[in-house]
Every structure is written in structure tokens, then in C-alpha cells.
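Chemist: can you look at this prediction? I've put the sequence above it.
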Amino acid sequence: MKTEPDVFSFDDLVKAKKRTTPWEGVRNYQARNFMRDHMKVGHQVLVYHSSCEVPGIVGLGEVAREAYPDKSALDPNSEYYDEKAVKDPSRWVHVDVKGTARLTKPLSLAELREIKGLEAMLVLRRGMRLSIQPVTDAEAKIILKLGKPAAL
DNA sequence: GCCAACGTTGGC
DNA sequence: GCCAACGTTGGC
């Protein structure tokens, strides 16, 4: 799951109440569908920092709650407000994510590109903007091994 | 700040 | 339903 650290960083997640946050603001159907249809409680999440000095995977989390309506879409004062969601609150949904571990060896995008076995990762694909992407078990295994996660 | 790549919108 | 125009993402 990508996040811009200037907006919401992995540290912010760690500092959040119960280290858990509603993953608000996703306004892309593919990403929404992925949360809604595939992310179940307990599923592991890789947290990726984008649009920052060193983009890359910095931490781990887990799905703490299955998809439910994103209330930021209903708040006219939110930058994520969507008037179309007022009539249809299930238009935008999100899961809750709980931070579980920090990578003591964060894996930058540049490093990820060099790691054997990760060649097919979507995040490495040119022009890949999807903010929530599936990761295979094999890929996750490699990342967990190299990233040396420290439980929170 | 640039710009390629992509998603969305809206006229037809 | 097509597709041009536009807006956004995100690495560099």
C-alpha cells in the first residue's frame, strides 16, 4: 500500500491510536476493488513511501478491519470529498491498517529493482501508479528476509 | 519542476 | 461507445 510520507507516513501509522488507521482517500476503482474484494483481516501489508526523497518499502502492517465506507468522501471539508458518494456511500470504501513492524533495512525502489525474484513486482513497472497492489507470497518472503523487520 | 503514463470526463 | 482533453501520479 502506497502512501506519501508528507501526508501520512509509516511513523504516523505507528503513532496512531492502536497503531491503526482507516486507509482513507483512495479514489481509484482498481485500488478500491482490491481493498473491498481481496483484503481480509490479518492479511499482511507492505507499506511503501512514494513521492518522497527515497521511495521504497519501509514497514509492515496487517489488515485490521475489512472494507467499509470511507467517511472522508462524505465530508465537504475533506480534500477527499466526493459529492457522488453522498447518495452512494459505498462508492468509496477502505480497510483499516495496523502497523506491525518496521523494516530495519528499508528497501528503496532503487534497491528493489536490483533484487532477484522481484522483477515482476508491479511497483517496479514503469508508469505504475496504482496505490494498492497485490504482492505474491514469494515476493513478500524475499522482502521480509532482506528488510529485517523489527516488531513494534 | 519536468514529463511520461495513465485514469477520468464529457462531447459527440 | 469512441476518443480528445484534461487531471493526477510519481520517479527523476
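Modeler: All right, it came through fine.

Chemist: for A:Ala140, see how far away the residue lying closest to A:Leu122 once chain neighbours are set aside is.
Modeler: Nearest non-adjacent residue to A:Leu122, counting by CB to CB, 6 or more residues apart in numbering: A:Gln133, 4.4 Å away. In this view, the C-beta of every residue, glycine as well, is placed from N, C-alpha and C. Distance of A:Gln133 to A:Ala140, computed by CB to CB, to the nearest Å: 12 Å.

Chemist: immediately after the strand or helix carrying A:Ala85, which helix or strand?
Modeler: Per DSSP states H and E, A:Ala85 falls inside helix A:83-87. Counting by DSSP H and E, the next helix or strand C-terminal to helix A:83-87 is strand A:93-108.

Chemist: counting neighbours, which bits of that next one end up buried?
Modeler: Buried residues in strand A:93-108, counted by 16 or more other CB atoms under 10 Å: A:93-103, A:106-107.

Chemist: same question for that strand, mean pLDDT?
Modeler: For strand A:93-108, mean pLDDT is 97.

Chemist: for stretch A:47-67, same thing?
Modeler: Averaging pLDDT along stretch A:47-67 gives 96.

Chemist: identify each buried residue in the helix or strand bottoming out on mean pLDDT in chain A, please.
Modeler: Within chain A, no helix or strand scores below helix A:83-87, which has a mean of 86 by mean pLDDT, DSSP states H and E. The neighbour-count check on helix A:83-87 (16+ other CB under 10 Å) flags A:Ala85 as buried.

Chemist: again, but for stretch A:29-40
Modeler: Within stretch A:29-40, the residues that count as buried by 16+ other CB under 10 Å are A:Ala31, A:Arg32, A:Phe34, A:Met35, A:Arg36, A:Met39.
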